[in-house]
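> here's my sequence, what's the structure:
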Amino acid sequence: MGLPSPFVLPRSEFNAFLFASIGEDGNGTPLSVVSALAQLDIDPWKEAARLSDLPKATAAAALDGLIRRLPVGRWDPSDTRKIAARLIELLPRSDPVVRRGGVEPGGRAKARPSIVVWFIVLAFSGYAIFGMAVSWAPRWGDHAASPPVSYELGPQ
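Numbers count the residues shown, from 1 in each chain. Down below sits the predicted model:
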């Protein structure tokens, strides 16, 4: 039986990374990546997504900087680079071409309507609306389109 939807974790592909241990904090309590990012007031899932889009070396350097901002834990400050590199290996690697360039895994570009197509659709829509408005409007001198007007002056 699965958890109800309010308890389902978003971006579950990042769980291995987010719930991995950085080490122990100053009190000896295990410190996970998700709790460390929360302490730094950083959205853990957004940060995990951002780091997974970066090259591994860049992501490791960024995570190293974040770990160094934490209160001193029970790890050697000189080991933060190794800790960050170990944790980055847990991130799913995204294909930056697919996310940014609009290319599908088979190498085909996604079909997107160009601005010219949208302009043509807009022009035809405007022409159709204008044509309907003109055809329904009464014309000057077209008395059949308006009801007859009675000009009675009263009792005679």
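> which residues touch the strand or helix carrying A57?
A57 belongs to helix 56-69 when assigned by DSSP states H and E. Taking C-beta atoms under 8 Å, 6 or more residues apart in numbering as the criterion, the residues outside helix 56-69 that touch it are 22, 36-37, 40, 42, 47, 51-52, 54, 77, 80-81, 83-85, 87-89, 91. (C-beta placed from N, C-alpha, C; glycine too.)
> any quick PyMOL command for the buried ones out of those?
To isolate the buried subset of the contacts of helix 56-69 in PyMOL, counting by 16 or more other C-beta atoms under 10 Å, use the following:
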select buried, resi 22+36+37+47+51+52+54+80+83+84+85+87+88+91
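> in this protein, what spans have low per-residue confidence?
Along the chain, the parts satisfying pLDDT under 70 run over 1-12, 94-113, 132-156.
> try it again at 90.
Screening the chain residue by residue with the criterion pLDDT under 90, one finds the ranges 1-16, 18, 21-31, 35-36, 39, 45, 49, 67-80, 83, 92-156.
> can you pull out the helices in it?
In order along the chain, the chain carries the following helices (DSSP state H): 15-18, 33-39, 44-53, 56-69, 80-88, 96-101, 115-136.
> so F14 touches L91, yeah?
Yes. With contact taken as C-beta atoms under 8 Å, F14 and L91 are classed as touching, separated by 6.9 Å.
> pull up the overlap in contacts between the two.
Each of A48, S52 lies in contact with both F14 and L91 under the rule C-beta under 8 Å, 6+ apart.
> sorry, back to before: list the buried residues of the helix holding A57.
Within helix 56-69, the residues that count as buried by 16+ other C-beta under 10 Å are A59, A60, A62, L63, D64, L66, I67.
> rewinding a little: now the helices of the chain in a markdown table, with distance to G26?
Shown next, in a markdown table, are the helices of the chain (distance: least, C-beta to C-beta, whole Å):
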| stretch | distance to G26 |
| --- | --- |
| helix 15-18 | 21 |
| helix 33-39 | 12 |
| helix 44-53 | 21 |
| helix 56-69 | 14 |
| helix 80-88 | 15 |
| helix 96-101 | 38 |
| helix 115-136 | 57 |
